[in-house]
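Colleague: coords please:
(chains A, B, C and D)
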2 protein chains.
Amino acid sequence: MTDTTEAVYELLQMVRPLHRRVARSVAEHLKEAGIGVGERAVLALLVEGEPRSVPAIGRALFLPRQNVQKWVDGLLRAGLVERRPNPAHRRSHLIAATDEGRDLFAQIRARETRAIAELAGRLSPSDVKVASDVLAACLEHFSPFEDDPDRPGPLA
Amino acid sequence: MTDTTEAVYELLQMVRPLHRRVARSVAEHLKEAGIGVGERAVLALLVEGEPRSVPAIGRALFLPRQNVQKWVDGLLRAGLVERRPNPAHRRSHLIAATDEGRDLFAQIRARETRAIAELAGRLSPSDVKVASDVLAACLEHFSPFEDDPDRPGPLA
DNA sequence: GTCAATTTGACATATAAGATGTCATATTGA
DNA sequence: TCAATATGACATCTTATATGTCAAATTGAC
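Modeller: Have a look, this model is predicted:
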């Protein structure tokens, strides 16, 4: 085992606590908006990108379509997203953010930006870039292959 | 909003998917050992550190003692940890890893090390170090203050 | 030493993320 | 055309994590 392996291990050890604390903080401010982190992730994808079908959202987020369906149902009820006809599929509608959804997400983003501005001020831009690249490599390493979901991951 | 703020935002965006994929991978290989990620975290703390009381474990992991208690109960039943008298407290035992617990954790660590060795080989040691420092800063930024758990986090 | 504030164990419940299963229908590709 | 696959629309299950309560133990201020 190299020192780098040890260092990567320790890096990955930090991911769970970090996720938990960020998720708690985010969940708290999302409560006012009446949505959870799942809904937020879907809304972010739809605000920042193209309308997609529910299964396509699931594939984009690496989440099962069944969970995404629930979150989309909630967002539909809240009027934050809407169904549009899908030229490529009769039953499978495209889901798109509404203006209300875009407004809400803009508020969420603004609040989150304020929350991390102080943190960002203490970090070097190049270091953040390096960290992003390292995390992206980790993400890729632990990603199931889209074309073979049953392929075992690195730990199997 | 500076570019760094934007970069930190995108970095934090990666934390949830990364956590999910790593957790899934870890959970899969932990199933054979009959424990979950919660039990693994407790066991890791006790194997690598000193015996602690249940609330002390919770404080170390930033987790409520009630959750830790459940995981410790499971580890006790499995013989992976044991109770020891606590000189500083009559009712609140110290929890310590048993030899079985140490053996199991060594196996878990070995497997995890094998799983990330390939990934580590593609990364520069200094980049990993930078990433660790950046994540540590994020962790600290989102940490509730121990002496005032009700203090709002950065997003509140 | 006394007593109020805090900590702990024990138990109980709530919520949310996420995984998994099924079945009928729609779609696609060989 | 027809078998394989994708989708919608359910439903169930596990686990992590949060939260609440209460009595007993402990601690710290006085």
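
Colleague: does any part of stretch A:111-128 sit near chain B?
Modeller: Yes: judged by CB under 8 Å from any CB of the partner chain, stretch A:111-128 comes into contact with chain B at A:111-113, A:115-125, A:127-128. In short, each C-beta sits where N, CA and C put it, glycine included.

Colleague: so among those residues, which ones count as buried?
Modeller: Buried members of those, scored by 16 or more other CB atoms under 10 Å in any protein chain shown, are A:111-113, A:115-117, A:119-120, A:123, A:127-128.

Colleague: and those residues, which two are furthest apart?
Modeller: Greatest spatial distance among these (CB to CB): A:R111 and A:D127, at 24.7 Å.

Colleague: leaving out sequence neighbours, find the closest residue to A:L139.
Modeller: In space, and not counting its chain neighbours, A:L139 is closest to B:L18: 5.1 Å by CB to CB, 6 or more residues apart in numbering or on different chains.

Colleague: quick check: phi and psi at that neighbour.
Modeller: Here is the backbone geometry of B:L18 (degrees, to the nearest 10): phi -60, psi -50.

Colleague: residues in contact with it?
Modeller: For B:L18, the contact set (CB atoms under 8 Å, 6 or more residues apart in numbering or on different chains) comprises A:15, A:19, A:135, A:138-139, A:142.

Colleague: just the closest of the residues you listed to B:V8, please.
Modeller: Closest to B:V8, out of all of those and judged by CB to CB, is A:L135, at 12.0 Å.

Colleague: can I get the CA coordinates of stretch A:100-113 in CSV?
Modeller: Only the C-alpha atoms of stretch A:100-113 are listed here, as CSV (Å, rounded to 0.1, in the frame of the first residue of the first chain):
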residue,chain,number,x,y,z
GLU,A,100,-42.2,29.3,-10.0
GLY,A,101,-39.6,26.5,-9.8
ARG,A,102,-36.9,28.8,-11.3
ASP,A,103,-37.7,31.5,-8.9
LEU,A,104,-37.5,29.2,-5.9
PHE,A,105,-34.3,27.7,-7.1
ALA,A,106,-32.8,31.1,-7.6
GLN,A,107,-33.6,32.0,-4.0
ILE,A,108,-32.1,28.7,-2.8
ARG,A,109,-29.0,29.3,-4.8
ALA,A,110,-28.6,32.8,-3.5
ARG,A,111,-28.9,31.7,0.0
GLU,A,112,-26.4,28.9,-0.5
THR,A,113,-24.0,31.2,-2.2
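
Colleague: that one vs DNA strand C: in contact?
Modeller: No: applying CB under 7 Å from any atom of the strand, one finds stretch A:100-113 separated from DNA strand C by no less than 13.7 Å.

Colleague: ok, and the helix or strand in chain A with the lowest average confidence?
Modeller: When the helices and strands of chain A are scored by mean pLDDT, DSSP states H and E, strand A:89-97 comes last with a mean of 88.
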